[in-house]
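>>> Okay, structure incoming, though there's no sequence with it:
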């Protein structure tokens with residue numbers, strides 16, 4: 001079986017990288033931008049950092065900010081109509097996963113109108129045309145949506161999130177500028193950073209993992225472990241390290257998938273509106289414990305990448321414990337809660353069913369029964 005790698009055609013990294021947007025827009029002959037950014041980023045003038053560059057260069061654009069934290073089918077439908085009305089020919093997505101995911105869905109439907117029913121995009125949709133060109137500018141260091149072929153949409157009516165996987169939705173350009181992330185508050189920095197760590201650890205242990213993605217994931221684990229605490233303190237070097245680490249994690253997991261942590265986190269967010277990164281972080285030690293006997297020697301390398309000393313002298317049980325404990329300590333240090341008081345006993349059966357039906361679950365290295373998933377949810381109560 002062939003292993004496929006899909007990445008951006010072009011990406012820019014480092015402080016000041018957003019200045020390259022104007023160069024790219026002009027060189028590609030784009031006419032008008034549909035700037036998709038969430039209302040808080042517009043309100044607090046984060047989006048302005050990019051639109052000012054467009055203004056100075058005389059490049060037209062229209063701002064669209066009707067984007068929710070967990071984008072819904074209705075958000076996407078509104079966005080599709082707004083794009084049509086704008087006369088734009090490319091999308092400039094500025095924000096976290098919500099702005100990116102909304103932009104991907106809009107871009108795919110515009111280019112493939114036969115998929116106007118947003119639910120038809122779930123799973124691996126057989127679209128024929130690449131998305132409307134997307135330039136992605138992340139303002140959080142976590143989702144790596146700027147380099148992935150995935151996006152997640154919330155179905156409010158059915159109280160579920162569904163994952164869409166499509167190589168046609170890849171942004172053509174990613175602009176990863178740590179300065180765009182400097183306004184993130186501590187809580188958001190922590191949760192998105194732990195989401196990135198979850199991407200790296202799940203991607204490293206998923207069934208489809210292979211040598212090239214292992215390389216990405218181990219480096220991402222190292223960078224995130226070394227920089228997340230500093231990023232939460234808003235240290236510029238920590239921000240830069242997290243910006244790179246989360247992107248590298250995306251280079252890996254986008255091409256091999258995730259596992260049961262993400263399937264349960266999607267379910268928790270859909271039912272209780274728990275922030276995605278918080279949900280991933282709370283489940284990470286629990287799911288690592290569940291998977292520990294199905295990961296070979298990989299937990300030793302996770303522990304090593306997280307800075308644990310003496311792993312080569314440890315027994316298998318010891319280095320597996322060390323990896324899980326390192327994750328617990330990092331999560332604690334950045335202020336992630338350990339419990340979710342919203343979970344109700346009467347919801348557990350449906351939560352487990354939804355998690356097992358999530359698109360991320362099949363990649364998990366260990367098969368799970370509904371009863372085992374219920375017990376993992378119960379550990380958060």
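Received the coordinates, thanks. Just so it is clear, the model here is predicted, and its values are computed rather than measured. Residues are numbered from 1 along each chain as shown.

>>> Just the helices from this structure, written as ranges.
For the chain, the helices defined by DSSP state H occupy 20-28, 39-43, 48-57, 73-86, 97-111, 186-205, 211-232, 236-256, 260-272, 276-291, 298-305, 316-333, 348-357, 370-378.

>>> how about those, which one is nearest residue 118?
Smallest distance to residue 118 across the helices of the chain (Cβ to Cβ): 4.5 Å, for helix 73-86. Any C-beta I mention is one placed from the backbone N, CA and C, and that applies to glycine too.

>>> other SSEs contacting the closest one?
strand 33-37, strand 61-64, helix 97-111, strand 150-155 (3 or more Cβ pairs under 8 Å, 6 or more residues apart in numbering; DSSP states H and E).

>>> hmm, who's touching the second one?
When you say that, I think you mean strand 61-64. With contact meaning Cβ atoms under 8 Å, 6 or more residues apart in numbering, strand 61-64 is reached by 32-37, 42, 47, 51, 54, 79, 82-83, 86-88, 92.

>>> roughly how far out does that strand sit from the chain middle?
Strand 61-64 sits 24 Å away from the centroid of its parent chain (Cα atoms, centre = their mean, to the nearest Å).

>>> Repeat that for the longest one.
On the basis of Cα atoms, centre = their mean, helix 97-111 is displaced by 14 Å from the centre of the chain it belongs to.

>>> Specify the angle between it and helix 186-205 in degrees.
Between helix 97-111 and helix 186-205, the angle comes out at 60 degrees (axes from the mean of the first three to the mean of the last three Cα atoms, to 10 degrees).

>>> now for helix 97-111, which elements pack on it?
Counting contacts by 3+ Cβ pairs under 8 Å, 6+ apart, helix 97-111 is packed against strand 33-37, helix 73-86, strand 90-95, strand 134-138, strand 150-155, strand 160-165.

>>> Give me the pLDDT for the spatially most central residue of the chain.
Relative to the mean C-alpha position of the chain, the nearest C-alpha, by Cα atoms, centre = their mean, is the one of residue 143, at 2.2 Å. At residue 143, the predicted lDDT confidence score is 90.

>>> Now it: closest residue in space, sequence neighbours ignored.
residue 97 (3.5 Å; Cβ to Cβ, 6 or more residues apart in numbering).

>>> for residue 314, same thing?
Using Cβ to Cβ, 6+ apart, the nearest residue to residue 314 is residue 322, at 6.5 Å.

>>> What separation do you get for the one you found and residue 193?
Residue 322 sits 21 Å away from residue 193, taking Cβ to Cβ, to the nearest Å as the criterion.

>>> for residue 149, same thing?
Separation of residue 149 from residue 193 (Cβ to Cβ) stands at 22 Å.

>>> what about the closest residue to residue 189 other than its chain neighbours, how many neighbours?
In this structure, residue 189 finds its nearest non-sequential neighbour in residue 232, 4.9 Å apart by Cβ to Cβ, 6+ apart. When counting by other Cβ atoms under 10 Å, one arrives at 22 neighbours for residue 232.

>>> Please apply the same query to residue 188.
20.

>>> Ok, residue 182 next?
16.

>>> That one: what's its closest spatial neighbour, skipping adjacent residues?
residue 239 (6.1 Å).

>>> Next: residue 340.
Residue 340 sits nearest to residue 380 (Cβ to Cβ, 6+ apart), 4.6 Å away.

>>> how far away is that neighbour from residue 282?
Here the criterion is Cβ to Cβ. By it, residue 380 lies 6 Å from residue 282.

>>> re earlier: can I get the helices and strands packed on helix 73-86 in a markdown table with mean neighbour count?
Listed next are the helices and strands packed on helix 73-86 as a markdown table, based on neighbours: other Cβ atoms under 10 Å:
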| stretch | mean neighbour count |
| --- | --- |
| strand 33-37 | 27 |
| strand 61-64 | 18 |
| helix 97-111 | 27 |
| strand 150-155 | 23 |
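
>>> Distance to residue 136 and mean pLDDT added to these, as a markdown table?
Output for the helices and strands packed on helix 73-86, formatted as a markdown table (distance: least, Cβ to Cβ, whole Å; pLDDT from 0 to 100):
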| stretch | distance to residue 136 | mean pLDDT |
| --- | --- | --- |
| strand 33-37 | 10 | 97 |
| strand 61-64 | 15 | 97 |
| helix 97-111 | 6 | 96 |
| strand 150-155 | 11 | 91 |
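
>>> For residue 332, find the nearest of those.
Residue 332 sits nearest to helix 97-111 of all the helices and strands packed on helix 73-86, at 24.0 Å, using Cβ to Cβ.

>>> Okay, now the unreliable bits of this structure?
The chain contains no residues with pLDDT under 70.

>>> Domain ranges for it, per the record?
The chain resolves into domains spanning 10-181, 186-380 when parsed by the TED database.

>>> Can you say which of those domains is nearest to residue 3?
Within those, the stretch nearest residue 3 is domain 186-380; the backing value is 5.1 Å (Cβ to Cβ).

>>> Verify the stated contact: residue 327 with residue 286.
No - using Cβ atoms under 8 Å, residue 327 is not in contact with residue 286, being 10.2 Å away.
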